[in-house]
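Chemist: Make a model of this:
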Amino acid sequence: MDLSKRWISPVEAYDKAVDKQKFLPFLPKAQQEAGTRLSGGRRKNAMQRHALDRILACMLQAHTAASDLNFTVGHPPQVEVNGQLTPVTTDPPLPQLTPFQTERIALALVGADRRLTEDLVRRGSCDLSYTLGTMARFRVNIFQQRGHFSVVLRRLPSDVPTVASMELPSVIAKLAEPRNGLILVTGTTGSGKSTTLAAVLRHHQ
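Modeler: Below you'll find the model as predicted:
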């Protein structure tokens, strides 16, 4: 993944477009004129993802207990362990991420998905899933912060837990039994909302 060349980001190109509604169908052409293509080049995207996978693997190998992987402009790649962010040395080295580098990482994750591309251009953020071979699965959030892209990859557990293994009250297992009604599972980031729901669904199945 070449991180050294200057290019026009999709957001920058979109902002400069006179007719924004007509711009989206021709977004790949705009990127090609700037030296890259946002979509339509599977071989190029595969090369990007190969390099990205190597970076992600380095981060996970350095901190096996990491819950999140973070890419933010002005900082090196960071992992979150027990709520604390820790910088990680990667291959290739990225001592201080530039706006261009974080955009390239974001686009490597988005690939040629047109819906994600439009979300990123129109709303400034998108959510997706990403699998690092057999090593890990992630829930990914790409968003704009101070005019630049930031990327957060939340590591997902490989195995679906049980209500018992999470030491939850037994009544939690019965949440999926009612045929009618609405149940809200709320909490702060990383508090276990998705994991709790997965355990309840596993019990129900």
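
Chemist: Apart from its neighbours in sequence, what residue is nearest Val55?
Modeler: Actually, residue 55 is Ile. It isn't Val. Spatial nearest neighbour of Ile55, excluding adjacent residues (Cβ to Cβ, 6 or more residues apart in numbering): Thr90 at 4.8 Å. Where C-beta positions appear, they are placed from N, C-alpha and C, glycine not excepted.

Chemist: Neighbours of the one you found, how many?
Modeler: Other residues lying near Thr90 total 17 when counted by other Cβ atoms under 10 Å.

Chemist: just checking, it touches Ala57?
Modeler: No - using Cβ atoms under 8 Å, Thr90 is not in contact with Ala57, being 9.3 Å away.

Chemist: Report the contact partners of the residue nearest to Ile55.
Modeler: By Cβ atoms under 8 Å, 6 or more residues apart in numbering, the contact set of Thr90 is Ile55, Cys58, Met59, Pro76, Pro77.

Chemist: So which of the residues you listed wins on neighbours?
Modeler: Going by other Cβ under 10 Å, Pro77 tops the contacts of Thr90 with 25 neighbours.

Chemist: Assumed Ser69 was part of a strand.
Modeler: That one is not Ser; residue 69 is Leu. Yes - assessed by DSSP: H, G, I helix; E, B strand; the rest coil, Leu69 belongs to a strand.

Chemist: next SSE after the helix or strand bottoming out on mean pLDDT in the chain?
Modeler: None of the helices or strands of the chain scores lower by mean pLDDT, DSSP states H and E than helix 27-33, at a mean of 39. Once helix 27-33 ends, the next helix or strand along the chain (criterion: DSSP states H and E) is helix 42-62.

Chemist: Do you have the helices of the protein handy? List them.
Modeler: All helices of the chain, identified by DSSP state H, fall at 10-16, 20-23, 27-33, 42-62, 99-110, 114-122, 193-204.

Chemist: in this structure, which residue is closest to the centre?
Modeler: With distances taken as Cα atoms, centre = their mean, the residue of the chain nearest its centroid is Val140 (2.3 Å).

Chemist: Return the per-residue confidence for that residue.
Modeler: Per-residue confidence for Val140 comes out at a pLDDT of 95.

Chemist: Same check on Leu120?
Modeler: For Leu120, pLDDT reads 86.

Chemist: And the nearest residue to it once chain neighbours are set aside, how close does it get to Glu103?
Modeler: Setting aside the residues directly before and after it, Leu120 is nearest to Cys126 in space (Cβ to Cβ, 6+ apart), at 4.8 Å. To Glu103, Cys126 is 13 Å away according to Cβ to Cβ, to the nearest Å.

Chemist: So for those two, which sits in the more crowded spot?
Modeler: Glu103 (24 against 21).

Chemist: quick one: which of the helices of the chain has the weakest pLDDT on average?
Modeler: Among those, helix 27-33 carries the lowest mean pLDDT (a mean of 39).
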